[in-house]
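>>> any chance you could fold what I've pasted below:
(chains A and B)
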Amino acid sequence: MAALIRKALSSRPARFWLTAGGIGVAALLVLVLGAAYRSVSSSVAAYVGQPGIDVWVAPGGVDNLMRSSAFLPAHLPESLATIRGVAAADPIVRAYVTVRDEADPSPAGHRLALIAIGYAAPTGGGGPPALVRGRAPLDSTDIALDRAAATRLGVTLGDTVWVNGRAAVVLGLTGGTNLLATQFLFANLSTVDGASGLRGRASFALVRCTPGVQPAALVGTIRARFPRLSVYPREEFIANNAREVAAGFIPLLTLVAVLGLLAATVLVALLVHAVVEERREDLAVLLALGADARALTGAVIREAVTLAAVGAMLGSAAGLVLRVVLDHVLPVIPLAFRVTDAARILLVFAAAGIGAAAIPVARLRRIDPLEAFRP
Amino acid sequence: MMVLELDRVRRTRGVGPHAVEALRDVSLAVGGGEFVLLEGPSGAGKTTLLAVAAGLLRPTSGDVCLAGRRLPAMSLGECRRHRATRVGFVFQRSNLLPRLTVGENVVLMAVLGGMAREAAKRETTRMLEALGIATLADRYPHELSGGEEQRAAVARALVHGPAIVLADEPTGSLDGVSGRAVAESLGSLAAERGAAVLVATHDVRLRSFASRRVRIVDGRIADSEPDLG
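As a prediction, this is how the structure comes out:
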């Protein structure tokens, strides 16, 4: 009986699919922003959490890679290396640089502001977390560039670019280093030093423990020795950076999610309300014949939930397609979808469908079965 | 045995100076297998009487007994279930559900009336065959003529074996031939099943099918007489 009642009260297919498409777009918006956030967050985590770095040492008060303007004393890495339990202590310099395409160095040409990481190439810690093509920098003119940045600049392996006015050759393309608004560039320590005027300075010191030494214990030792510096085990530093990324993304993500959900709810409510209005006479007939009002309410809610769920699934499917397309056509926009995101969107939108059914259900409850007798 | 008994039923709409008495001390009894015509001018209270008899409206005072149970004593849910199993309806327009096929419309009523799905399908087939519209089972209502639609509505009214069929102007939108065919089908199939039929109508052509005529004017039973055609 429930199936027949659902069929009797179902909306027109064209209208159903158009509305589901609209809901899908709302779901897609939320998913895309969420996926972009996850991608940025995971890029930062991939860099700061790369193997071989157990402890991050930063200037006092600095707790993340993204926002810091202070520097460590020049001799610090050497001092750290003398501590028992330290296998290696490598400096890195983090600076914002402007990169231009050699082919068009004019002010109107392509140029990008990138986060340059200078490290003790090729063996020092803090290099690229993943190379997609080419190799890591060796000489002072070598750089490895994020794949999306290379696309934006229109350069590839072997091309020369200008980094803060100094020529450098792109010898590697890196992956997982795209922060959406900017990307990473990796070069020899001296290259970034020279390009940014920070010769002899280090932004962070990356410490590797000797085998058998616990990072937490080493953190305590370093803090005792250098009480004015900030010292973090890797996991804590990853969490600090994730929090920093979230602080920029989450308010916008929340706003878009709420607006997307609201748009989807209104769409569902509109369609289901129209169904109840259009089928008012049929509902009156069903009530007169003896159908349970709860069964009719259930059918209306089911229609709303189905619509919202189908819309969410369409949005998720479109998101997966979009990710593949963007990865090939426009890698500047990184999207990291997860199945759990789609499942979460499905659940939330389905719940919104129930909420959206409230007004149509209230309308249904006011239908008088005597309307069936109207000629 | 009486299938429907109305005892001094009053039904008032509105309150205070705007109150309108739609039914005034109406007493009526309809026995199993009877075909009773309820005649009267528009606004006389015919449809209100059908609604009260079906439990769709509660009487302001008086008593209604349908298929052995007193409707005013029932909860709304009980009344609905009793109506679904013991009453069949034929409306002026067929009021078949447009998104269901003829067969599905009839099956839905049978299931609402308490039949299991398979039994409902079997009974639907039998009923459509008896009405000569078995070939239309998979058609949608908009694909039928007016007469075919009303015959499908008769099938829906009788499929679940109700004690009484309440019909409101069932031939009002049909031509003479179709109207006669529908009335004939309704009368004969209801009689076969021992169901009573109470028809509110202006259509004098139906008198030939009636075992009794009841005239209602201004909410009162004006007169009642046997009619043997």
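>>> low-confidence ranges in chain A?
Under the criterion pLDDT under 70, the flagged ranges of chain A are A:104-108.
>>> report how many residues lie close to A:Val113.
Just to correct that, residue A:113 is Ala rather than Val. For A:Ala113, the count of nearby residues is 12 (other Cβ atoms under 10 Å in any protein chain shown). C-beta coordinates here come from the backbone N, C-alpha and C atoms, glycine included.
>>> where does it land in three-state SS?
strand (DSSP: H, G, I helix; E, B strand; the rest coil).
>>> unless I'm mixing things up, it is touching A:Phe184, no?
No: if you go by Cβ atoms under 8 Å, A:Ala113 and A:Phe184 don't touch, sitting 11.9 Å apart.
>>> count of neighbours near the residue in the stretch 151-300 of chain A positioned nearest to chain B?
Chain B sits closest to A:Gly290 of the stretch 151-300 of chain A, with a gap of 2.5 Å, by Cβ to the nearest Cβ. For A:Gly290, the neighbour count with other Cβ under 10 Å is 25.
>>> how about the contacts made by it?
If you count contacts by Cβ atoms under 8 Å, 6 or more residues apart in numbering or on different chains, A:Gly290 has them with B:Arg80, B:Arg81, B:Arg83, B:Ala84, B:Thr85, B:Val87, B:Leu112, B:Gly113.
>>> also near chain A: which of those residues, exactly?
Subset of the contacts of A:Gly290 in contact with chain A: B:Arg80, B:Arg81, B:Arg83, B:Ala84, B:Thr85, B:Val87, B:Leu112, B:Gly113, counting by Cβ under 8 Å from any Cβ of the partner chain.
>>> helix or strand for the nearest residue to the residue of the stretch 151-300 of chain A closest to chain B once chain neighbours are set aside, which one?
Leaving aside its chain neighbours, A:Gly290 sits nearest to B:Ala84 (2.5 Å; criterion: Cβ to Cβ, 6 or more residues apart in numbering or on different chains). Taking DSSP states H and E as the criterion, B:Ala84 maps to helix B:76-86.
>>> okay, buried residues for that helix please.
Going by neighbour count (16 or more other Cβ atoms under 10 Å in any protein chain shown), the buried part of helix B:76-86 is B:Cys79, B:Arg80, B:Arg81, B:His82, B:Arg83, B:Ala84, B:Thr85, B:Arg86.
>>> past the longest helix along chain A, which element shows up next along the chain?
Ranked by residue count under DSSP state H, the longest helix found in chain A is helix A:234-278. Sequence-wise, the next helix or strand downstream of helix A:234-278 (DSSP H and E) is helix A:280-289.
>>> quick one: that next one to helix B:76-86, angle?
Interaxial angle of helix A:280-289 relative to helix B:76-86 (axes from the mean of the first three to the mean of the last three Cα atoms, to 10 degrees): 90 degrees.
>>> so what touches helix A:280-289?
Residues from elsewhere that reach helix A:280-289 (Cβ under 8 Å, 6+ apart): A:5, A:8-9, A:276, A:293, A:296, A:364, A:367-374, B:54, B:56, B:83-84, B:89, B:91, B:95, B:97-99, B:109, B:112.
>>> just these: which are in helices?
In this view, the contacts of helix A:280-289 that belong to helices under DSSP H are A:Ile5, A:Ala8, A:Leu9, A:Val276, A:Ala293, A:Leu296, A:Leu364, B:Ala54, B:Arg83, B:Ala84, B:Met109, B:Leu112.
>>> my guess is the last one contacts B:Arg80. True?
No: counting by Cβ under 8 Å, B:Leu112 stays clear of B:Arg80, with 9.7 Å between them.
>>> ok so, going back, can you redo the contacts of A:Gly290 as TSV with pLDDT and distance to A:Ile23?
Converted to TSV, the contacts of A:Gly290 look like this (pLDDT from 0 to 100; distance: Cβ to Cβ, whole Å):
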residue	pLDDT	distance to A:Ile23
B:Arg80	94	35
B:Arg81	94	37
B:Arg83	95	38
B:Ala84	95	36
B:Thr85	95	40
B:Val87	96	41
B:Leu112	94	33
B:Gly113	93	38
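>>> between the residues you listed, which is closest to chain A?
Taking Cβ to the nearest Cβ as the measure, B:Ala84 is the one of these closest to chain A, at 2.5 Å.
>>> can you give me the helices for chain B?
Under DSSP H, chain B gives helices at B:46-54, B:76-86, B:102-112, B:117-130, B:146-158, B:176-192.
>>> so what touches the third one?
Helix B:102-112 has contacts (Cβ under 8 Å, 6+ apart) with A:1, A:4-5, A:7-8, A:289-291, B:84, B:88, B:96-97, B:100, B:117, B:119-121, B:123-125, B:127-128, B:133, B:136-141, B:144, B:152, B:155-157, B:159-160.
>>> is chain A within reach of stretch B:6-19?
No: when contact is scored as Cβ under 8 Å from any Cβ, no part of stretch B:6-19 falls within range of chain A; the minimum is 11.2 Å.
>>> could you dump that stretch to PDB, C-alpha only?
Output of stretch B:6-19 as PDB, limited to C-alpha atoms (Å, rounded to 0.1, in the frame of the first residue of the first chain):
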ATOM      1  CA  LEU B   6     -29.400   7.200  11.400                       C
ATOM      2  CA  ASP B   7     -31.400   8.100  14.500                       C
ATOM      3  CA  ARG B   8     -32.600  11.700  14.900                       C
ATOM      4  CA  VAL B   9     -29.300  13.100  13.500                       C
ATOM      5  CA  ARG B  10     -28.700  16.800  13.700                       C
ATOM      6  CA  ARG B  11     -25.700  18.400  12.100                       C
ATOM      7  CA  THR B  12     -25.000  22.100  12.500                       C
ATOM      8  CA  ARG B  13     -22.400  24.200  10.700                       C
ATOM      9  CA  GLY B  14     -21.000  27.300  12.200                       C
ATOM     10  CA  VAL B  15     -22.000  28.900  15.600                       C
ATOM     11  CA  GLY B  16     -24.200  31.600  17.000                       C
ATOM     12  CA  PRO B  17     -26.300  33.600  14.600                       C
ATOM     13  CA  HIS B  18     -24.400  32.200  11.600                       C
ATOM     14  CA  ALA B  19     -25.200  28.600  12.500                       C
END
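>>> could you list the buried residues of it?
Result for stretch B:6-19 [16+ other Cβ under 10 Å]: buried residues B:Leu6, B:Val9, B:Arg10, B:Arg11.
>>> for the closest residue to B:Leu112 other than its chain neighbours, give its distance to B:Ala200.
Spatial nearest neighbour of B:Leu112, excluding adjacent residues (Cβ to Cβ, 6+ apart): B:Ala84 at 4.7 Å. According to Cβ to Cβ, to the nearest Å, B:Ala84 and B:Ala200 sit 21 Å apart.
>>> and stretch A:191-199, how far from the chain's centre?
Centroid separation for stretch A:191-199 versus its chain: 31 Å, with Cα atoms, centre = their mean, to the nearest Å.
>>> how about it as CSV, C-alpha atoms only?
Included here for stretch A:191-199 are C-alpha records, laid out as CSV according to Å, rounded to 0.1, in the frame of the first residue of the first chain:
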residue,chain,number,x,y,z
THR,A,191,69.2,30.6,-3.1
VAL,A,192,66.3,31.7,-0.9
ASP,A,193,68.8,33.5,1.4
GLY,A,194,70.0,35.5,-1.5
ALA,A,195,66.7,36.1,-3.1
SER,A,196,65.1,37.3,0.1
GLY,A,197,68.0,39.1,1.7
LEU,A,198,68.0,36.8,4.7
ARG,A,199,71.6,35.6,4.5
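>>> per-domain residue ranges of chain A.
If you go by automatic domain parsing, the domain ranges for chain A are A:2-44+A:244-373, A:73-228.
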